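A.B. asks: just to be clear, the model below is a prediction. Sequence and coordinates:
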Amino acid sequence: QVQLVESGGGSVQAGGSLTLSCTASASIFNGNTMAWYRQAPGKQRELVARIFAFGHTIYEDSVRGRITISKDDSKKTVSLQMNYLQPEDAGKYYCNKLPARDSDFWGPGTQVSVSS
């Protein structure tokens, strides 16, 4: 069964923190690079952070230093710790393997709102 379930979103003030979590099915998680993506209103989904199967991480410039991606292989979960959130961080956050096409299976996402 294919599964991606994101959680942990919410509304925070600028400077606040949130931790997002994602539970994936084995077919998506095992052996793949996992990533968090963000889609702001009216914009295309964009990559935020990735974690390779062996644990190496890469962050996009806009979030580097403020966000940490991690995973638990035994639970097939991927987390995104976000600190010092800014209004431009707002959007719906999704996790999935990397690469993932629009036509691939996607979960419902979790909404992040940041007020200035």
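C.D. replies: Cool, the structure landed.

A.B. asks: separation between the most centrally placed residue in the chain and Glu88?
C.D. replies: Central residue of the chain (C-alpha atoms, centre = their mean): Trp36, 2.6 Å from the mean position. Trp36 is 15 Å from Glu88, where distance means C-beta to C-beta, to the nearest Å. Every C-beta, even on glycine, is put in place using the N, C-alpha and C of the backbone.

A.B. asks: quick one: the strands in this structure, in order.
C.D. replies: 4-7, 10-13, 18-24, 34-39, 46-51, 57-59, 67-72, 77-82, 91-97, 110-115 (DSSP state E).

A.B. asks: for the closest residue to Ile69 other than its chain neighbours, give me its contacts.
C.D. replies: Nearest non-adjacent residue to Ile69, counting by C-beta to C-beta, 6 or more residues apart in numbering: Ala49, 4.1 Å away. Counting by C-beta atoms under 8 Å, 6 or more residues apart in numbering, Ala49 touches Ala35, Trp36, Thr57, Ile58, Tyr59, Glu60, Val63, Ile67, Ile69, Leu80.

A.B. asks: and for the fifth one, the neighbour number?
C.D. replies: Pointing back at Tyr59 there. If you count neighbours by other C-beta atoms under 10 Å, Tyr59 ends up with 18.

A.B. asks: pLDDT at it, what is it?
C.D. replies: pLDDT, Tyr59: 98.

A.B. asks: ok, what's across the strand from it?
C.D. replies: Using DSSP bridges, the bridge partners assigned to Tyr59 are Ala49.

A.B. asks: right, and it touches Ile51 too?
C.D. replies: No - look at Tyr59 against Ile51 with C-beta atoms under 8 Å: they stay out of range, at 10.0 Å.
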